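Student: 3D, please:
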Amino acid sequence: MQRPEIPQNEDKRLAALAGLGIMNSPAEERFDRITEIAQRLFDVPIALVSLVTADTQWSKSLQGSLARRTPRELSFCAHAILRKDPLIVTDALQDAAFADNPLVTAEPGIRFYAGCPLRHRGQAIGTLCLIDHKARSFDVEQVRWLRNLADIVENEFRLQELDTEQNRLLKELDESMRQVLMDPVTGTWNRHGIDEILPRELGRAARSNDAIAILLIDLAIATDSRIADEAGFRDDVLREVSRRLRRCVRPHDVFGLFTEREFLVFLGKCPRKNAIEIGQRMVSTVHSRPVETQAGNVECSLSIGIYSMQEIAGRSMGQIIEA
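Tutor: I've put the predicted structure just below:
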């Protein structure tokens, strides 16, 4: 049996895993939905989101009959995190690295394995993987779909860290300040909060000579007056659109409700090309499906203005936002 190597960046990898703050946490529907889709899509008995610690593999989400915790030295996923591309083992009994692995020769009797590395903060911290008790093939199209599902898991990791970072900031504010700086509907910064935080971020970027970008996002809602008049309609829309947009940004980016229908995002250390890609993801996630409200489903669309620059010194926040 081939034991998995320890990555050279193991300290950084473990730090990224610890920073996520989900080890040994209860099962969550947002991850279970993904593994259930994977199990059904690929017709396998077992699908899981695994996280690899210093000495074990632990399953954050698991579909099928499998121990949630496995020694790292026996783990297929510990091999998968060493790779850039998914690890595919079509028949473990015919693979020199795994043929005598106890997970192959005894329970659960792994024959087929497909594991796609999951990255957080640039580090491979685990995998989205599929297991079968019989040998099987896995074509290029299936690899692509596995990678697509892994991307969704990584988005959940980013959202988790965003929530963690926001909670940390909230703890630093007393209750009265929260009421002044936070939007009660979306749970994001409001105009006062943005006015408070953005000058600090601009100053930090100017001192470091970092490229920055600001996105001003205008939300348009296509609906009839009957639905628009329903109580709570606007709140439902803002809450869901805010949730989708937050999934597209990094934990340290400034995100908030700037006006009644405009969101603002400040992206530090972000070249224009990357800002455009983020804007495109935002448009896609809002346009992809209707927003559910208590009054009915509604179609929403976005218009995004992007302003990026390298030289910030001498520019006021008002000038930058106006541009």
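
Student: hey, let's count contacts and neighbours off CA atoms from now on
Tutor: Will do.

Student: Tell me if I'm right that residue 238 and residue 185 touch.
Tutor: Yes. Contact between residue 238 and residue 185 holds when scored by C-alpha atoms under 8 Å: they sit 7.4 Å apart.

Student: higher neighbour count, those two?
Tutor: residue 238 (20 against 14; other C-alpha atoms under 10 Å).

Student: what's in contact with the helix or strand harbouring that one?
Tutor: Here residue 238 sits within helix 233-246, counting by DSSP states H and E. By C-alpha atoms under 8 Å, 6 or more residues apart in numbering, the surrounding residues in contact with helix 233-246 are 159, 185-186, 227-228, 255, 282, 285-286, 291-295.

Student: Just flag the most distant two among the residues you listed.
Tutor: Largest separation among the contacts of helix 233-246 by C-alpha to C-alpha: 159 and 227, giving 30.2 Å.

Student: more crowded one of these two?
Tutor: Shown here are residue 159 and residue 227; by other C-alpha under 10 Å, residue 159 has more neighbours (21 against 16).

Student: nearest spatial neighbour of that one, skipping sequence neighbours?
Tutor: residue 247 (5.5 Å; C-alpha to C-alpha, 6 or more residues apart in numbering).

Student: which ones are touching residue 185?
Tutor: 235, 238, 239.

Student: Closest one of those to residue 69?
Tutor: Taking C-alpha to C-alpha as the measure, residue 239 is the one of those closest to residue 69, at 36.5 Å.

Student: Residue 209 and residue 310 touch, don't they?
Tutor: Yes. Here residue 209 lies in contact with residue 310, judged by C-alpha under 8 Å, at a distance of 6.7 Å.

Student: other SSEs contacting the host helix or strand of residue 49?
Tutor: Using DSSP H and E, residue 49 maps to strand 46-52. Helices and strands touching strand 46-52, by 3 or more C-alpha pairs under 8 Å, 6 or more residues apart in numbering; DSSP states H and E, are helix 29-42, strand 56-63, helix 77-80, strand 123-132.

Student: between the ones you listed, which gets nearest to residue 217?
Tutor: Nearest of those (C-alpha to C-alpha): helix 29-42, 26.3 Å.

Student: so where do the strands sit in this protein?
Tutor: Taking DSSP state E, the strands of the chain run over residues 46-52, 56-63, 69-71, 87-89, 112-120, 123-132, 212-222, 254-257, 262-268, 291-293, 296-309.

Student: want to try TSV for those, with mean pLDDT as columns?
Tutor: Supplementary listing: the strands of the chain in TSV, determined by pLDDT from 0 to 100:
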stretch	mean pLDDT
strand 46-52	97
strand 56-63	96
strand 69-71	95
strand 87-89	97
strand 112-120	97
strand 123-132	97
strand 212-222	90
strand 254-257	93
strand 262-268	92
strand 291-293	84
strand 296-309	88
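
Student: Those into a markdown table, with extra columns for mean neighbour count and distance to residue 147?
Tutor: Below are these laid out as a markdown table (neighbours: other C-alpha atoms under 10 Å; distance: least, C-alpha to C-alpha, whole Å):
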| stretch | mean neighbour count | distance to residue 147 |
| --- | --- | --- |
| strand 46-52 | 26 | 13 |
| strand 56-63 | 22 | 17 |
| strand 69-71 | 15 | 23 |
| strand 87-89 | 21 | 11 |
| strand 112-120 | 25 | 6 |
| strand 123-132 | 26 | 9 |
| strand 212-222 | 19 | 28 |
| strand 254-257 | 24 | 28 |
| strand 262-268 | 23 | 26 |
| strand 291-293 | 17 | 26 |
| strand 296-309 | 17 | 27 |
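
Student: Tell me which of the ones you listed sits nearest to residue 204.
Tutor: Shortest distance between residue 204 and the strands of the chain, using C-alpha to C-alpha, is found for strand 262-268: 9.1 Å.

Student: Find the nearest non-adjacent residue to residue 65, please.
Tutor: residue 46 (6.8 Å).

Student: sorry, back to before: out of the helices and strands packed on strand 46-52, nearest to residue 92?
Tutor: strand 123-132 (10.3 Å).

Student: Point out where the stretch 1-150 of the chain drops to low pLDDT.
Tutor: Within the stretch 1-150 of the chain, no range satisfies pLDDT under 70.

Student: rerun that using 80 as the cut-off
Tutor: Scanning the stretch 1-150 of the chain for pLDDT under 80 picks out the ranges 1.

Student: ok, the residue nearest to the spatial centre of the chain to residue 283 distance?
Tutor: Nearest residue to the geometric centre of the chain (C-alpha atoms, centre = their mean): residue 155, 1.6 Å. Distance, residue 155 to residue 283, by C-alpha to C-alpha, to the nearest Å: 16 Å.
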